[in-house]
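Asks: sharing a model that was predicted from the sequence below.
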Amino acid sequence: MAGYYVITTSCVQRNNPNTRTNRLRSKILILVIIAIAVIALAYAISNNQHMSIQKSQNLDPALTVNIVMSASRPGCDKTGCYLPQNLSVNAGDTVTWVNNDRGFHTVTT
């Protein structure tokens with residue numbers, strides 16, 4: 001008897017619980033990596049600010065004026081916006097202004 005047979009294969013995807021577990025693990029791993037990156041960035045920024053404060057402390061204190069924290073708020077003139085509040089300098093001296101406040105400040109002579 002002459003004839004032929006057709007053999008077919010079918011791909012059946014089963015709901016594999018291991019695949020779900022692997023996806024969950026991948027998501028958790030990505031979140032952990034992001035959290036570590038954020039913590040490292042925050043540490044680097046805080047360390048950089050600490051270094052700039054140390055540099056400002058090594059300046060000549062006689063010719064340095066510090067803008068104190070909260071100097072940008074009204075009423076700081078009563079509590080002292082700058083330290084020292086009065087400074088006498090000679091012509092040609094360089095005065096260094098250090099901003100220890102969170103706000104932006106300008107100095108005009």
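Replies: Looks like it came in fine.
Asks: give me the number of residues near residue 71?
Replies: Residues within reach of residue 71, counting by other C-beta atoms under 10 Å, total 20. To be clear about C-beta, it is placed using only N, CA and C from the backbone, and glycine gets the same treatment.
Asks: so it sits against residue 78, correct?
Replies: No: if you go by C-beta atoms under 8 Å, residue 71 and residue 78 don't touch, sitting 12.0 Å apart.
Asks: okay, and the common contacts of the two?
Replies: Residues touching both residue 71 and residue 78 by C-beta atoms under 8 Å, 6 or more residues apart in numbering: none at all.
Asks: which residues sit against the worst-scoring helix or strand of the chain on mean pLDDT?
Replies: Evaluated with mean pLDDT, DSSP states H and E, the helix-and-strand set of the chain has its lowest mean pLDDT in helix 76-79, which scores a mean of 72. Under the criterion C-beta under 8 Å, 6+ apart, residues 68, 70 lie in contact with helix 76-79.
Asks: mind doing that once more with 7 Å?
Replies: With contact meaning C-beta atoms under 7 Å, 6 or more residues apart in numbering, helix 76-79 is reached by residue 70.
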